[in-house]
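> Okay, sequence plus prediction incoming.
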Protein chains: 2
Amino acid sequence: MLHMPDKVTIVEVGPRDGLQNEKQPIPTEDKVAFINHLSETGLTRIEITSFVNPKWIPQLSDAVEVAREIKRKPGITYSALVPNMKGLERAVEAGVDEVAVFMSASQSHNKSNINKTIEETYPVLQEVVEAAGQKGIPVRGYVSTAFGCPYEGDVAPEQVIKVIDRLLEMGCQEISIGDTIGVANPRQVQAFLKLLLKQVDPERIALHFHDTRGTALANILAAMDMGITTFDSSLGGLGGCPYAPGASGNVATEDLVYMLNSMGVETAINLDKLAEIGAYMQRVTGKTLPARYLCSYLATQKD
Amino acid sequence: MLHMPDKVTIVEVGPRDGLQNEKQPIPTEDKVAFINHLSETGLTRIEITSFVNPKWIPQLSDAVEVAREIKRKPGITYSALVPNMKGLERAVEAGVDEVAVFMSASQSHNKSNINKTIEETYPVLQEVVEAAGQKGIPVRGYVSTAFGCPYEGDVAPEQVIKVIDRLLEMGCQEISIGDTIGVANPRQVQAFLKLLLKQVDPERIALHFHDTRGTALANILAAMDMGITTFDSSLGGLGGCPYAPGASGNVATEDLVYMLNSMGVETAINLDKLAEIGAYMQRVTGKTLPARYLCSYLATQKD
């Protein structure tokens, strides 16, 4: 039978990974309201924006305003993505609690996404991690395309683990391993973790699944069975990867919390509040969001 | 680590459980084409229609025509739902290979769905099972609301097992246990199966999950871990329960086959062919179907 943890931590990435993939811009005040609502659900970690060059991701060009205008709730870590020193400086000025650096496990996705080879990326991130460390700001490291690459197909687990090792050596406190294009399956997840956890503490690992082919919750179940207790998700299932053709959103926070809460795995997150924010974000984006739970919640409300 | 079977059998229920929930009627020739396409995918079991009174489910009032007009492919079992002796007679006349009887594990859903108490239902089904047996036609028994009832909430596992036992005693060769409103979670599925499999051979059990809250594939993973190897699914995620408020479709065949094929669990089903049928059924129904794999497949085709 499956091993289940007592407690799981969810990192809400909707305001960043979700909104960076919305085609039409979302007004800053709606982003701020979105994050303020999320702060009232019981979530303890929220990734609020990205301090990348606005030329790359114009959707998040208001990163400083968002970080300054949200209402900070004690006990919640508000983090943001930073690609380099300039991004770190802006993030620090805006007062984020944690930053995240990112790269890909596959060479061609890394080149396409950040215009550098994997080897060229390490020193850029190292500088950021060290500078953040000097300011006492913890750093998360994202490793994309860990379970498959849109250009290369399969990615060798050994190659992924090499990148993870380098990011940990640099001083990243946690690594979030991404199934960027949503191709992972539960058996692959377990085989990968079996290898990884021989040398890395499961407490330092988060998994970041996209639900492109519907397998995200099954993958999370498989990962919990191996001892992982931190997962990224996105309210409503917002988000995706703009450089990965056909890759739809992150696993929906509502669906994940429904599964965990109903299994008695503690999240301390209020599901009804999440669903109400999903309804709000459907109005803001003008779209039907992919979260399954949200759809069933709204159908029930209509009766 | 998870236990995975070498091989899984999928029972495609889209033409019945899916189409009975489509609001506008689907022309008979489109249903026939749908089933004929499904016959070319590698599926070995297809539930094609329901011989209930057309007053109850007008969507399937052409059951006889559908059963007569489809092209039967050797090696495929074509089955249909029958509520009573009259339904059985029509099904036999139309030449189905297998029939399925149905009832609920919860009293109020059974009353609402078939207008009888659970005790009143047994003799009606018994007569059907015996008559089918005399004609050499195998009978599947469906048990609905096994993991939760829209009227009663929780349903005691002991109560579900009592109904399963009665249907097996009657002579049903297989029982399909339904999460009619899509509330089940993997821990619940494993706890239930642990109890059930003390007395029933896993080969005689199929599980029928709806993906209302996104947990269907995780539930299937949990069930495979316990030794179950037969699952119902619906092409495109068509279907639902008209008497269960907020209950959306069956787990999508594409999503299930993607997960199984990618894990190396043999299904002998061609995923691209399934996705093409999904695209066809989107045109027939005029709707975006909920299957996650279908959406990613269509996005890839566009590039």
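Yep, that arrived.
> Am I right that A:Gly278 is in a helix?
Yes - counting by DSSP: H, G, I helix; E, B strand; the rest coil, A:Gly278 is part of a helix.
> my guess is it contacts A:Leu238, does it?
No - using C-beta atoms under 8 Å, A:Gly278 is not in contact with A:Leu238, being 9.2 Å away. Every C-beta, even on glycine, is put in place using the N, C-alpha and C of the backbone.
> any shared contact partners between those two?
By the contact definition C-beta atoms under 8 Å, 6 or more residues apart in numbering or on different chains, A:Gly278 and A:Leu238 are jointly contacted by A:Leu289.
> Show me where the stretch 201-303 of chain A dips below the pLDDT cut-off.
Applying pLDDT under 70 to the stretch 201-303 of chain A picks out residues A:240-248, A:302-303.
> all strands in it, in order from the N-terminus.
Ranges of strands within the stretch 201-303 of chain A are A:205-209, A:230-233, based on DSSP state E, counting those that start in this stretch.
> would TSV of those with mean neighbour count and distance to chain B be doable?
Conversion of the strands of the stretch 201-303 of chain A to TSV gives the following (neighbours: other C-beta atoms under 10 Å in any protein chain shown; distance: least, C-beta to the nearest C-beta, whole Å):
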stretch	mean neighbour count	distance to chain B
strand A:205-209	25	12
strand A:230-233	26	11
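> who wins for proximity to B:Gly95 among the ones you listed?
B:Gly95 lies closest, by C-beta to C-beta, to one member of those: strand A:205-209, at 45.5 Å.
> where's whichever residue of the stretch 1-150 of chain A sits closest to chain B relative to B:Ala223, distance?
In the stretch 1-150 of chain A, no residue comes nearer to chain B than A:Met1, which is 5.3 Å away by C-beta to the nearest C-beta. Distance of A:Met1 to B:Ala223, computed by C-beta to C-beta, to the nearest Å: 11 Å.
> so what sits against both of those two?
B:Gln190.
> Compare these two (neighbour count), which wins?
Neighbour comparison, A:Met1 and B:Ala223: the larger count goes to B:Ala223, with 25 against 15 (by other C-beta atoms under 10 Å in any protein chain shown).
> Can you name the residues that contact A:Leu196?
Counted by C-beta under 8 Å, 6+ apart, A:Leu196 has contacts A:157, A:160-161, A:164, A:205.
> Apologies, that question was intended for A:Gly214.
A:Gly214 sits next to B:211, B:217, B:252, B:255, B:258-259, B:291-293 when contact means C-beta under 8 Å, 6+ apart.
> Just the buried subset of those, please.
For these, a neighbour count by 16 or more other C-beta atoms under 10 Å in any protein chain shown gives the buried set as B:211, B:217, B:252, B:255, B:258-259, B:291-293.
> does stretch A:22-39 come close to chain B?
No - using C-beta under 8 Å from any C-beta of the partner chain, stretch A:22-39 stays clear of chain B, with a minimum separation of 14.2 Å.
> Okay, and the beta partners of A:His210?
A:Asn250 (DSSP bridges).
> ok, back up a step: which among the contacts of A:Leu196 end up buried?
By neighbour count, with 16+ other C-beta under 10 Å, the contacts of A:Leu196 hold A:157, A:160-161, A:164, A:205 as buried.
> average pLDDT for the helix or strand hosting A:Arg140?
Per DSSP states H and E: A:Arg140 is located in strand A:139-144. For strand A:139-144, mean pLDDT is 98.
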